[in-house]
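Visitor: build me a model from this:
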Amino acid sequence: MNTKYSYLKQECYEANIELNNLGLVIYTFGNVSAVDRANGVFAIKPSGIPYEKLKPEDIVVLDYDNSIVEGALRPSSDTKTHAYLYKNWDHIGGIAHTHATYSVAWAQAQQDIPIFGTTHADHLTADIPCAQPMKDSLIEGDYEHNTGIQILDCFEERGLSAKEVEMVLIGNHGPFAWGKTAAKAVYNSKVLETVAQMAYLTLQINPNAPRLKNSLIKKHYERKHGNNAYYGQ
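Guide: Reported below is the predicted structural model:
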């Protein structure tokens, strides 16, 4: 494979394979995309292709208006959601969508994931938001495009920053995560699934478990992300 967007297809391919390797998807469900801001395009997994059969050349490249720029296959059914997020959040470089078990369970319960512990606080200082299920009129319209609107509306209504909170649940549907690269979007998807599982187990042990206190939230987040961060090399 040697085309104008070979590098972008390879990045997208590797991220999708990692999504599968991490056990975050089943069968052909889920997808990852990677964006090239300079050229105004993004690459995404083709629809319905098993991960074990996926090849870099299968990846589809589109512009932000969902027109195919390169590729012979039909892109993911979630493509319009990815395009909408790229068009409106110009700081993100990759987006992942999964049907991971615990993340989906919280989405089906239509519940935010409370910040109970320091694993959660290492990555964000807020509860992981769950956007309310889509209205019937929007479901009957341009559904995937409207899913993007649903995500942005949730963040605007709650005053959340997509730079600080890089994940969301869609009520009755499942999780989306994003980051500076496609690989970071996959990383955030795994973090989301792990935190979702931990929160579920916490409530099984103690249904009245308290939210993590603010001093610990601040400490754990800032030691990794603050001006004086000291975690890592």
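
Visitor: residue 129 reaches residue 157, doesn't it?
Guide: No - in terms of C-beta atoms under 8 Å, residue 129 does not count as a neighbour of residue 157; the distance is 9.4 Å. All C-beta atoms are positioned from the backbone trio N, CA, C, and that covers glycine.

Visitor: more neighbours: which of those two?
Guide: residue 129 (19 against 11; other C-beta atoms under 10 Å).

Visitor: got the buried residues for the longest helix out of those in the chain?
Guide: Counting by DSSP state H, the longest helix found in the chain is helix 182-205. Neighbour-count burial for helix 182-205, counted by 16 or more other C-beta atoms under 10 Å, picks out 182-199.

Visitor: just the strands in the protein please.
Guide: Assignment of strands within the chain using DSSP state E yields the ranges 31-36, 41-44, 60-63, 68-70, 94-97, 130-131, 167-170, 174-179.

Visitor: quick one, which of these is packed in tightest?
Guide: Among those, strand 94-97 has the highest mean neighbour count (mean count of other C-beta atoms under 10 Å), at a mean of 30.

Visitor: direction included, what does it pair against?
Guide: Using DSSP bridges, strand 94-97 pairs in its sheet with strand 31-36 (antiparallel), strand 174-179 (antiparallel).

Visitor: and the closest residue in space to residue 104 that isn't next to it in sequence, how far is that from residue 199?
Guide: In this structure, residue 104 finds its nearest non-sequential neighbour in residue 174, 4.6 Å apart by C-beta to C-beta, 6 or more residues apart in numbering. With distances taken as C-beta to C-beta, to the nearest Å, residue 174 is found 16 Å from residue 199.

Visitor: over to residue 61?
Guide: In terms of C-beta to C-beta, residue 61 sits 37 Å off from residue 199.

Visitor: cool, residue 5 as well?
Guide: 39 Å.

Visitor: go on, residue 175?
Guide: Counting by C-beta to C-beta - residue 175 and residue 199 are separated by 13 Å.

Visitor: before we move on, what about residue 127?
Guide: From residue 127 to residue 199 the distance is 9 Å (C-beta to C-beta).

Visitor: need the overlap of contacts for those two.
Guide: Common contacts of residue 127 and residue 199 (C-beta atoms under 8 Å, 6 or more residues apart in numbering): 113, 114.
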